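> Sequence and computational prediction follow.
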Amino acid sequence: MAIHRLPPLHALHVFETVARLGGVRAAAAELNVTPPAVSHQLDKLEGFLGAPLFIRRGRNLVLTEGARDYLTEVRPGLEAIGRATSVATQETQREVLTVAAPPTLTTMWLIPKLRGFSEAFPDYDVRLLDRMTFNPEERGVDIAIEYRFEPDPDLVSMQVLSDEVVALTSVGYAETHGIAGLDDLEGMTLIETERRLTSWKKILAGRSWLKHQRFLSVSYSLHAFEAAARGSGVALGNRANAERMLAEGRLCIPFELPPDMLPPAPCYFMSAVSHRQRQPRVRAFWDWLLSEISS
């Protein structure tokens with residue numbers, strides 16, 4: 001198989017670091033180099049690609065649209081190179097379980113439970129990656145929790161959660177504005193998650209006041225939860241993802257959404273390639289998570 005022309009790897013690493021940390025100085029500190037050295041590598045990559053990577057907004061660097069798409073494509077490759085290098089150089093003798101899952105599910109639902117896995121299986125290290133679905137060709141992933149409408153027939157899959165969509169806001173916001181139903185949302189700020197298939201615009205379609213409504217759009221549900229908890233408006237989210245913030249009182253469900261107004265939604269499936277699903281570390285995580293869900 002022919003290999004396409006490749007960019008300078010060091011410049012690519014620097015680019016990913018700047019994009020992740022949001023600035024040249026922060027990236028220089030992490031990479032233990034000078035800010036001019038970071039800028040030089042960015043210039044080198046921009047010259048290779050023939051396109052700008054960042055635009056400056058005040059003191060912050062913001063990815064261009066093309067650079068954002070490029071980073072989405074190359075980041076899994078950089079992660080795979082890092083994992084393969086760790087194995088090749090034998091940086092660790094401990095066995096590592098790599099789990100891929102959607103960012104909000106990882107932050108709000110999986111991470112709070114992981115202490116139990118680590119206590120039950122102390123010989124395994126855990127590596128978490130952000131993925132919405134599982135690509136079997138990505139060999140560095142042992143097991144995934146996928147967000148999809150139906151399981152991949154080529155994988156061993158089991159549904160672990162449904163996408164039970166609920167309205168979410170702070171107790172203070174709901175009480176101040178008297179929010180007890182859909183029509184009470186008129187004039188409120190509605191928080192939309194761009195990657196969520198169920199949206200306020202679909203649920204409220206046909207209401208004359210919708211075209212005058214204020215919206216706050218975010219990339220991930222965890223951002224929507226935080227905005228709602230701080231009284232910025234009313235969000236949509238998965239009940240299981242929000243369960244910790246609901247239990248803490250940071251969020252509340254001001255009313256239940258009518259089921260007939262909700263479009264079909266994907267579910268969360270635990271998936272693995274069949275031969276990997278039989279590996280001890282993967283089987284241990286599989287059985288542990290099923291036990292957590294059923295308890």
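Looks like it arrived, so ask away. Here the structure is a predicted model, which means the values were calculated and not measured.
> How about the residue nearest the centre of the chain, nearest residue that isn't a chain neighbour?
In the chain, the C-alpha closest to the average C-alpha coordinate belongs to Pro103, at a distance of 2.1 Å (Cα atoms, centre = their mean). Spatial nearest neighbour of Pro103, chain neighbours left out: Asp130 (4.7 Å); criterion: Cβ to Cβ, 6 or more residues apart in numbering. Yep, even glycine has a C-beta here, placed from its N, CA and C like the rest.
> next one: Phe149
Nearest-residue entry for Phe149: Pro266, 4.9 Å, with adjacent residues in sequence omitted and distances by Cβ to Cβ, 6+ apart.
> Which of the helices or strands spans Leu71?
Secondary-structure assignment from DSSP states H and E places Leu71 in helix 65-88.
> C-alpha coordinates for the helix or strand following that helix, PDB please?
On the C-terminal side of helix 65-88, the nearest following helix or strand under DSSP H and E is strand 95-101. Taking only C-alpha atoms (Å, rounded to 0.1, in the frame of the first residue of the first chain), the coordinates of strand 95-101 have been written out as PDB:
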ATOM      1  CA  GLU A  95      -0.900  -4.300  31.200                       C
ATOM      2  CA  VAL A  96      -2.900  -1.400  29.800                       C
ATOM      3  CA  LEU A  97      -6.600  -1.500  29.000                       C
ATOM      4  CA  THR A  98      -7.600   1.100  26.500                       C
ATOM      5  CA  VAL A  99     -11.300   2.100  26.600                       C
ATOM      6  CA  ALA A 100     -12.900   4.500  24.000                       C
ATOM      7  CA  ALA A 101     -16.200   6.300  24.900                       C
END
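> in stretch 75-83, what's buried?
Under the neighbour-count criterion of 16 or more other Cβ atoms under 10 Å, stretch 75-83 has Arg75, Pro76, Leu78, Glu79, Arg83 buried.
> Stretch 115-134 too?
Applying a neighbour-count criterion of 16+ other Cβ under 10 Å, the buried positions in stretch 115-134 are Phe117, Phe121, Tyr124, Val126, Leu128, Leu129, Asp130, Arg131, Met132, Phe134.
> Which of the residues you listed fall in strands?
Judged by DSSP state E, the buried residues of stretch 115-134 include Tyr124, Val126, Leu128, Leu129, Asp130 as members of strands.
> Let me know the closest of those residues to Thr64.
Ranked by distance to Thr64 (Cβ to Cβ), those are led by Asp130 at 21.1 Å.
> Go ahead and confirm Leu289 touches Val160.
Yes - the pair Leu289 and Val160 passes the contact test of Cβ atoms under 8 Å, sitting 6.7 Å apart.
> what sits in contact with each of the two?
Met270 (Cβ atoms under 8 Å, 6 or more residues apart in numbering).
> in this structure, which segments are predicted with low confidence?
Judged by pLDDT under 70, the chain has its weakly predicted residues at 1-4, 86-93.
> where do the strands sit along it?
In chain order, the chain shows strands spanning 54-57, 60-63, 95-101, 124-130, 143-148, 156-162, 165-168, 189-193, 214-218, 234-238, 267-272, with DSSP E as the criterion.
> Buried deepest among the ones you listed, which one?
Each of those was scored by mean neighbour count; the highest is strand 234-238, a mean of 26, by mean count of other Cβ atoms under 10 Å.
> What pairs with it, parallel or antiparallel?
When pairs are called by DSSP bridges, strand 234-238 turns out to pair with strand 165-168 (antiparallel), strand 189-193 (parallel).
> of those, which approaches Arg278 most closely?
Closest to Arg278 of the strands paired with strand 234-238, according to Cβ to Cβ: strand 165-168, at 34.8 Å.
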